[in-house]
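# A predicted structure for the sequence below; I have some questions about it.
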Amino acid sequence: MPEPTEEKLSYRLITGPDTRDFCERISNALAEGYVLHGSPAATFNGTEVIVAQAVVLPAAIASADAAVANAVDELDVEDEEAFEGHA
């Protein structure tokens, strides 16, 4: 497998006709360290089935989770009236 010349994107949406080539593209992304994100999507364009699958790098998920955790920690929960009526 060739070495990537650019930094990997954290998120990719891989789309195309539902063929062996599409499955190989997903398999290659998994081999590069990506993980599946969400369910695949499929549609019919009148001729063939077109599929889509999102993939993400695990580090991107960890980074996003950490950012959310930090934002929650920084909330000023002392002013509970601001949250009144919200679950």
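Received it, and whenever you're ready, just let me know what you need.
# Quick check: buried residues in the longest helix along the chain?
Of all the segments of type helix in the chain, defined by DSSP state H, the longest one is helix 58-74. Going by neighbour count (16 or more other C-beta atoms under 10 Å), the buried part of helix 58-74 is residue 60. In this view, the C-beta of every residue, glycine as well, is placed from N, C-alpha and C.
# ok, now stretch 12-26?
12, 14, 22, 25, 26.
# Look up which helix or strand the second one falls in, please.
Mapping residue 14 onto the secondary structure by DSSP states H and E places it in strand 11-17.
# Between helix 58-74 and that strand, find me the angle.
130 degrees (axes from the mean of the first three to the mean of the last three C-alpha atoms, to 10 degrees).
# So for the helix or strand just after strand 11-17, mean pLDDT?
With elements assigned by DSSP H and E, the helix or strand that comes after strand 11-17 is helix 20-31. Mean per-residue pLDDT for helix 20-31: 98.
# Dump helix 20-31 to CSV, keeping only the CA atoms.
Output of helix 20-31 as CSV, limited to C-alpha atoms (Å, rounded to 0.1, in the frame of the first residue of the first chain):
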residue,chain,number,x,y,z
ARG,A,20,-16.8,-4.9,-5.2
ASP,A,21,-14.7,-1.8,-5.9
PHE,A,22,-16.8,0.1,-3.3
CYS,A,23,-16.3,-2.7,-0.7
GLU,A,24,-12.5,-2.6,-1.5
ARG,A,25,-12.4,1.1,-0.8
ILE,A,26,-14.1,0.6,2.6
SER,A,27,-11.7,-2.3,3.3
ASN,A,28,-8.7,-0.1,2.4
ALA,A,29,-10.0,2.7,4.7
LEU,A,30,-10.3,0.2,7.6
ALA,A,31,-6.8,-1.1,6.9
